[in-house]
Structure formats: C-alpha cells, structure tokens
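sequence and predicted structure are below.
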Amino acid sequence: MINGNEYAWEDIQLVFGGESFPIDGFVGIEYTSTKEHTNVHGRGAKPVAMGRGREDFSGTLTVLQSELERLQRTMPRGVSLTKKAPFDLTVAYAPEAGEATVDQLKFCRIGEVKKGMRTGDGNMTVELPLVIGDIKPNV
C-alpha cells in the first residue's frame, strides 16, 4: 500500500514490444509463472531432499474487438494471429503517488483467437491465451 492507496486498474499500462505507446484497448491481463518442486525420497517415509524441475509461463490478454482487429492488421491478410512471431509485453503498474513496478513478458505467442457475441452485448471482448517464454518480474 502506498500512502493508503492500493494499485488500481487506472494505474496499469501495457506496451507491446517495439511500440512506444500503451495499449488502450485491453480490458484484462493475467500471467503466471510456475516452478516444479518435488520431494526426493530415500530411506524412510519422509523426503531426504528437494528436487527442482521445469519452469513454465502462461497468461491471458483480454482485449476489445477493436484492439484485436488492430493487432490482426499487423499480419498479412488471411493469416491468423496465432502465427504472429514472438513478441514482448511490458506491464507497468504505476500508481500516481508511488513507485512503479514493471514486469516483462518475454517471447509471447497467441495460442488461440476465439470471437463471439450474444444478443444484448454492447461490445466484444476477446480472451487471447498467451504462451510465454519467460517472465521478468520487477525489472
């Protein structure tokens, strides 16, 4: 908490690698890093050591349809965003009266593009599952 204020949605900025302006058409971002930790068993019932395994990274970027179409226009006609070359995303949490936190999502790929609307919808949002090569927290 900074001066009694928590980070808020208005404090977040998202920038695609190679661009110098924040993306305004996103409505959600989440990302996860996981690391395998295992117990190594020897004699007896309790572990005798700890083992380390793979790291993995994933996430979801939720965008308005207009942002999706802007991204799609970076691709040749008829080629899906799932074939887009890996890109970086920079996520900055920058509160007005506090210290910024910046995370870098490296080597991102879009795993799926699923569009749809229902009666009564005033706009379309699209969840784009991300395959992420690495997450650099607080850079």
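Structure's in. What do you need? Source: prediction; values computed, not measured. Residues are numbered from 1 along each chain as shown.

which secondary structure elements does the helix or strand harbouring Asn39 contact?
Taking DSSP states H and E as the definition, one finds Asn39 inside strand 26-41. Packing partners of strand 26-41 (3 or more C-beta pairs under 8 Å, 6 or more residues apart in numbering; DSSP states H and E): strand 12-16, strand 47-64, strand 87-93, strand 125-131. For glycine as for every other residue, the C-beta is placed from the backbone atoms N, C-alpha and C.

repeat that for 7 Å
With contacts defined as 3 or more C-beta pairs under 7 Å, 6 or more residues apart in numbering; DSSP states H and E, the packing partners of strand 26-41 are strand 47-64.

report the angle between the axes of the strand it packs on and strand 125-131?
If you take axes from the mean of the first three to the mean of the last three C-alpha atoms, to 10 degrees, strand 47-64 sits at 150 degrees to strand 125-131.

give me the contact list for strand 47-64.
Contact with strand 47-64 is made by 25-42, 105, 123, 125-135, as judged by C-beta atoms under 7 Å, 6 or more residues apart in numbering.
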